[in-house]
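**Student:** Show me how the following folds:
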Amino acid sequence: MKIALAQMKMDTDIEKNFQKSLQLIREAAEKKADLICFPEIQLSPFFPQFPDCDVSEYAMTEDSSYVKGIRNACRENHIFASPNFYIEEKGHRYDMSLLIDDQGEIIGRQKMVHVAQCKMFYEQSYYTPSEEGFMVFDTRLGKIGIVVCFDRHYPESIRTEALRGAELIIVPTANTKSEPSELFRWEVKVQAFQNSVNVAMCNRIGREGNMEFSGESIVVGFDGETIALADNQEELILAEVNLGGAAIRRNERPYTSLRRTDLYE
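**Tutor:** Residues are numbered from 1 along each chain as shown. Reported below is the predicted structural model:
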């Protein structure tokens, strides 16, 4: 399958980010991509860098015109998409990725599980942690999981989804230039190799407040090899990914099936 990563620069205006998202969906479809992935909270600036702000304007429900607009674009352009929004649900707000099929139907929802609280990432001030844990969605394209940003730093996240059959794991993120970019690349490469799973990590770019986002979105194969790597410019990254090969590799090199879970804490 062909995957597209929308490495975007965000505006403070939701509508501008939304229109850019729609354009990227159209562009990805024109380039024959099957699935397009977006960065973390793609319709807003990265407000969690501030410890206490009123961000009600960025919170939306699944019934919002923005979510419906992305769904309509998927249907009109015959493409799957995984957008990430600041979603309000039952009185709580979440950092949530959706998986939308090429008919515009929401076929998956993944909330952030581990929520950070440290300098520049005051996420517990805004996000409720997931109550459901990690999910894998069986789609026409293959079995797809999503690990939201900070969750990828916990090996249990990608491991859990791989054990549940994921062939591709999408990681929407907000990595900055002040963080160890090379280490972050190796982090997903090693986890892809150890779990025999494809990983696609999509980042934002540009300066927002006191943060400068690094881009460098990456697609890694189930063998840990880099398939595509972006620079720090706004761009649409395209890559061919072999989803079915992940299950074959797990049988050939049974790293996960040989685990001695009786000996682990």
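**Student:** mind listing the helices for the stretch 1-150 of the chain?
**Tutor:** Taking DSSP state H, counting those that start in this stretch as the criterion, the stretch 1-150 of the chain contains helices spanning 14-30, 65-77.
**Student:** Kindly reformat those as a markdown table containing mean pLDDT.
**Tutor:** Compiled in a markdown table, the helices of the stretch 1-150 of the chain are given as follows (pLDDT from 0 to 100):
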| stretch | mean pLDDT |
| --- | --- |
| helix 14-30 | 98 |
| helix 65-77 | 98 |
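**Student:** who wins for proximity to Lys189 among these?
**Tutor:** Closest to Lys189 of the helices of the stretch 1-150 of the chain, according to C-beta to C-beta: helix 14-30, at 24.0 Å. To be clear about C-beta, it is placed using only N, CA and C from the backbone, and glycine gets the same treatment.
**Student:** then the closest one to PDB, C-alphas only?
**Tutor:** In PDB, the C-alpha atoms belonging to helix 14-30 read as follows (Å, rounded to 0.1, in the frame of the first residue of the first chain):
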ATOM      1  CA  ILE A  14      -8.400  26.400  13.000                       C
ATOM      2  CA  GLU A  15     -10.000  27.100   9.600                       C
ATOM      3  CA  LYS A  16      -6.600  27.600   7.900                       C
ATOM      4  CA  ASN A  17      -5.300  24.300   9.300                       C
ATOM      5  CA  PHE A  18      -8.500  22.600   8.200                       C
ATOM      6  CA  GLN A  19      -8.300  23.900   4.700                       C
ATOM      7  CA  LYS A  20      -4.700  22.800   4.500                       C
ATOM      8  CA  SER A  21      -5.700  19.300   5.700                       C
ATOM      9  CA  LEU A  22      -8.300  19.100   3.000                       C
ATOM     10  CA  GLN A  23      -5.800  20.100   0.300                       C
ATOM     11  CA  LEU A  24      -3.300  17.500   1.500                       C
ATOM     12  CA  ILE A  25      -6.000  14.800   1.400                       C
ATOM     13  CA  ARG A  26      -6.700  15.800  -2.200                       C
ATOM     14  CA  GLU A  27      -3.000  15.900  -3.100                       C
ATOM     15  CA  ALA A  28      -2.400  12.500  -1.500                       C
ATOM     16  CA  ALA A  29      -5.300  11.000  -3.400                       C
ATOM     17  CA  GLU A  30      -4.000  12.400  -6.700                       C
END
